[in-house]
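>>> Using only what follows, build the 3D model:
(2 chains)
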Amino acid sequence: MELIDRYLQSVKLALPKAQQNDVIRELTDEILSQIEERETALGRQLTEDEQVALLKQLGHPMLLAARYRKQQYLIGPAIFPIYWMVLKLVLAVVLVGMGIAAVAVAASGRGLGASLGVLAQYPVSAISAFAWVTGVFALIEYFGAKFKFHDKWDPRTLPKLSKLTKRPSTAETVAGLVFSVIFGVWWLVGLKHQFLIFGPGIAFVHFGPIWQTVYPVFVVGVVVEVVRQSVALLRPGWEKGQFVFRMFSRAVNLVVLYFLINAADLIVTGDAINPDLQPVLKGINHVAHLCLIVGAVMTVAQTAWEVYSFFFRGTGNGHAAAASL
Amino acid sequence: MSHTVTNPNPEVLENLRSELRRGSLIVAVLAELRTEQYGYTLRKSLEEHGIAIDEGTLYPLLRRLETQGLLASEWREQDKRNKRFYRLSPQGNVILTELLLDWERLSASVRAILQEPKPVATGESTPASPNEASPKE
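Numbers count the residues shown, from 1 in each chain, chains lettered A, B, ... in the order given. So this is what the prediction gives:
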């Protein structure tokens, strides 16, 4: 019977203290009754293997004891949807905060490593945020605080029907935000440390002075773009807000394009360039100017289409409007 | 994509069976305990009626039902061993009556639904609308 005693001892240790003696007494009787029944049927005592089989049938001591516990989850089904929503929101806010911090570090003229270092801390911050949110909700669950949100809702407060025929997925929006931050950081740092953009070519060419003149506008542009992507992530249903941010972002782009188009030299020579190659550089500048003009025309056309779509076709997204044709 | 009737997903079937059994088990236990019994004999009795239940499910269930006031229990010695005897409490009796009424109503409703004439199922899923039928392009 040593096996039985060991089994019961293991169950006892895993039980709540107040129930231990009571439950073990009852289980002892159950097990002994089973043994008696089998031994009577067999006409002999159970072998060790047969005892093992009987105990295995009862299940692992931890599992058996766990069934006596009232609460077997950290966060119950009643508050889990709220927990999940808050967790996603907090993780997104942390991502946005760190993205803006990375852009700020880049705009301050520190190296790319410093900016990327801020972003690299995201996993640690995300785990910390996850632990805090989970801990708070576990306490709410444990102390049985009752949320009455289910009773207080009003159908009139539900979001208006979406005008978009196809809304981007969360994964797409997060990818867009991450890309915006990484690109923004690279671009702002690159304008200060141009070898990050030109690579070894920095010995021959670099940006003209106009790029430094409009640098503050670039910073505004990157921040607006990060905020726009953040809004898309945090409030996917807020189409009007997203439209406003998109228009603001386009306006900033057009300001940059205006200054660049009107600048004489977009690219200038490095110290080591052969003076004979000046005509080539002139050609590059000419092509760059043409590209910027085409870019400006396309931006104006796209903006006009989106404004028209938003006000006259009931959607702020040109792609969605085209898809609905 | 269609699922044939002869090859149901065993995991899905088991989960559904488990859900179906959960509520029925409580009714069966309450009904059995109209007569006082201890755990082992209760389990045997349920088994004889075709309701197999393992110890790890039965004893915590008995404890829960007692905490809810549906069962009463006491320790007594029988066959030279202490045993915990359970019986239905007065409150448990009222609840069992209510549950049995619900059980009858539900059972009658399901029977009525099953007796309604329905189109013969072919095993192939039928599209709800022409839009759903056409693949995405």
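>>> quick one: the strands in chain B?
B:37-38, B:71-78, B:81-88 (DSSP state E).
>>> Same list, those, but as JSON lines with distance to A:Phe248 and mean pLDDT please.
For the C-beta atoms, the positions are set from N, CA and C on the backbone; glycine is no exception. Output for the strands of chain B, formatted as JSON lines (distance: least, CB to CB, whole Å; pLDDT from 0 to 100):
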{"stretch": "strand B:37-38", "distance to A:Phe248": "75", "mean pLDDT": "94"}
{"stretch": "strand B:71-78", "distance to A:Phe248": "67", "mean pLDDT": "92"}
{"stretch": "strand B:81-88", "distance to A:Phe248": "71", "mean pLDDT": "93"}
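>>> among these, which is the most enclosed?
When you average the neighbours per residue for each of the strands of chain B (mean count of other CB atoms under 10 Å in any protein chain shown), strand B:37-38 leads with a mean of 20.
>>> Report how many residues lie close to B:Ile53.
Applying other CB atoms under 10 Å in any protein chain shown, we find 17 residues neighbouring B:Ile53.
>>> Which pLDDT value belongs to it?
For B:Ile53, the pLDDT comes out at 90.
>>> Once you drop chain neighbours, what's closest to it?
B:Leu46 (5.6 Å; CB to CB, 6 or more residues apart in numbering or on different chains).
>>> Could you check how far the one you found is from B:Asp54?
11 Å (CB to CB, to the nearest Å).
>>> and if you look at A:Arg67?
For A:Arg67 relative to B:Asp54 (CB to CB), the value is 10 Å.
>>> quick one: which of those two has more around it?
A:Arg67 (18 against 13).
>>> Phi first, then psi, for that one.
Main-chain dihedrals, A:Arg67, degrees, to the nearest 10: phi -70, psi -20.
>>> That one touches B:Arg63, doesn't it?
No. Contact criterion CB atoms under 8 Å: A:Arg67 and B:Arg63 do not qualify, at 9.4 Å.
>>> Is A:Arg6 located within a helix, as I assumed?
Yes. With DSSP: H, G, I helix; E, B strand; the rest coil as the criterion, A:Arg6 is located in a helix.
>>> how about the host helix or strand of A:Trp305: buried residues?
Assigned by DSSP states H and E, A:Trp305 belongs to helix A:278-312. Residues of helix A:278-312 classed as buried: A:281, A:285, A:289, A:292, A:296, A:303, A:306, A:309-310 (neighbour count, 16 or more other CB atoms under 10 Å in any protein chain shown).
>>> just to revisit the earlier point, looking at the strands of chain B, which is closest to A:Glu172?
strand B:71-78 (55.0 Å; CB to CB).
>>> Run through who's touching the closest one.
For strand B:71-78, contacts defined as CB atoms under 8 Å, 6 or more residues apart in numbering or on different chains pick out A:25, B:30, B:33, B:38, B:62, B:65-66, B:82-89, B:92.
>>> Show me what it pairs with in its sheet, parallel or antiparallel.
With DSSP bridges as the test, strand B:71-78 is paired with strand B:81-88 (antiparallel).
>>> In PDB, please show the C-alpha coordinates belonging to the strand it pairs with.
Output for strand B:81-88, consisting of C-alpha atoms alone and laid out as PDB, is shown next (Å, rounded to 0.1, in the frame of the first residue of the first chain):
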ATOM      1  CA  ARG B  81     -14.300   2.700   7.400                       C
ATOM      2  CA  ASN B  82     -15.300   6.300   7.500                       C
ATOM      3  CA  LYS B  83     -17.400   7.300   4.500                       C
ATOM      4  CA  ARG B  84     -18.900  10.500   3.500                       C
ATOM      5  CA  PHE B  85     -22.600  10.200   2.700                       C
ATOM      6  CA  TYR B  86     -24.300  12.600   0.400                       C
ATOM      7  CA  ARG B  87     -28.000  13.400  -0.100                       C
ATOM      8  CA  LEU B  88     -30.000  15.900  -1.900                       C
END
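>>> Make a markdown table out of the strands of chain B and add distance to A:Phe259.
Shown next, in a markdown table, are those (distance: least, CB to CB, whole Å):
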| stretch | distance to A:Phe259 |
| --- | --- |
| strand B:37-38 | 90 |
| strand B:71-78 | 83 |
| strand B:81-88 | 86 |
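>>> I'd like to know which of those is closest to A:Gly117.
strand B:71-78 (62.7 Å).
>>> so where do the strands sit in the stretch 201-325 of chain A?
Secondary structure of the stretch 201-325 of chain A by DSSP state E, counting those that start in this stretch: the strands cover A:205-207, A:267-269.
>>> Take these and write them to TSV, including distance to A:Val94, mean neighbour count and mean pLDDT.
As requested, these are arranged in TSV below (distance: least, CB to CB, whole Å; neighbours: other CB atoms under 10 Å in any protein chain shown; pLDDT from 0 to 100):
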stretch	distance to A:Val94	mean neighbour count	mean pLDDT
strand A:205-207	34	17	78
strand A:267-269	39	16	78
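>>> quick one: A:Val178 and chain B, what's the gap?
28 Å (CB to the nearest CB, to the nearest Å).
>>> ok so, going back, show me the contacts for the residue nearest to B:Ile53.
Contacts of B:Leu46 (CB under 8 Å, 6+ apart): B:28-29, B:32, B:52-53, B:58.
>>> and the gap between it and A:Phe248?
Distance from B:Leu46 to A:Phe248, by CB to CB: 70 Å.
>>> Give me the contact list for stretch B:102-121.
B:Val27.
>>> which bits of chain A sit near chain B?
Within reach of chain B by CB under 8 Å from any CB of the partner chain, chain A has these residues: A:19, A:22-23, A:25-27, A:29-30, A:32-34, A:57-59, A:63-64, A:67-68.
>>> Give me the buried entries from those.
A:19, A:23, A:25-27, A:29-30, A:33-34, A:58-59, A:64, A:67-68.
>>> Quick check: buried residues in stretch A:58-77?
A:58-59, A:61, A:64-65, A:67-68, A:75-76.
>>> In chain B, what residue spans correspond to helices?
B:10-32, B:39-48, B:55-67, B:90-115, B:130-133 (DSSP state H).
>>> what packs against the first one?
Looking back up the chat, that one is helix B:10-32. helix B:39-48, helix B:55-67, helix B:90-115 (3 or more CB pairs under 8 Å, 6 or more residues apart in numbering or on different chains; DSSP states H and E).
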